[in-house]
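In: Give me a 3D structure for the following:
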Amino acid sequence: MSELDEARTLMDAGDRDLSALRGMEDTSVFADEIVGFHVQQAAEKFLKAWLVLWSEPYPLTHNLARLLTLLQEKTPAAAQFHDLNEYTAYAVQFRYDAMESESAPINREEAVQRLEALCQQVRRRLAEVEGV
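Out: Take a look at the predicted model:
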């Protein structure tokens, strides 16, 4: 698979998670752990696509900080997304364990907006690589 095809595949998978998140506004139906998992998954896929578009192999990890650190070596634009690292715990820890009840709830609208901004950034890089 070419780098462009791999990046597009990762972007499509991230888009599916982002699309699911747009339908998870009802807190009585979707627990924060579920929402956080999809935020983390979308961010991970978008970040890995971005790395591919810089011809950088990505590690098999759910650690968003690690992916962002690798990206910052390629582009300073990655720094603006370091706040997404807070969702790393949702990939494994909160996927099986419930969050503590005193934890602040996820701001779902803000999470979607951050992912949309990340997606747009990666799409800009994709267009550059494609020569569009």
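In: hey, let's count contacts and neighbours off CA atoms from now on
Out: Noted.
In: any idea how far Asp5 is from the residue nearest the centre of the chain?
Out: Against the mean C-alpha coordinate of the chain, by CA atoms, centre = their mean, the closest residue is Ala43 at 0.3 Å. From Ala43 over to Asp5 the distance is 18 Å, taken as CA to CA, to the nearest Å.
In: hang on, the earlier thing: quick one: distance of the strand or helix carrying the residue nearest to the centre of the chain to the chain centre.
Out: Using DSSP states H and E, the element containing Ala43 is helix 32-53. Using CA atoms, centre = their mean, to the nearest Å, the mean C-alpha position of helix 32-53 is found 2 Å from that of the whole chain.
In: now stretch 111-131
Out: The chain centre lies 11 Å from the centre of stretch 111-131; the measure is CA atoms, centre = their mean.
In: do stretch 86-96 as well
Out: That offset, for stretch 86-96, works out to 13 Å (CA atoms, centre = their mean).
In: Other residues contacting that stretch?
Out: For stretch 86-96, contacts defined as CA atoms under 8 Å, 6 or more residues apart in numbering pick out 33-34, 36-37, 39-41, 62-65.
In: ok, which stretches of this structure are helices?
Out: Taking DSSP state H as the criterion, the chain contains helices spanning 3-22, 32-53, 64-72, 93-96, 108-130.
In: weakest of those by average pLDDT?
Out: Mean pLDDT is lowest for helix 93-96 among the helices of the chain, at a mean of 64.
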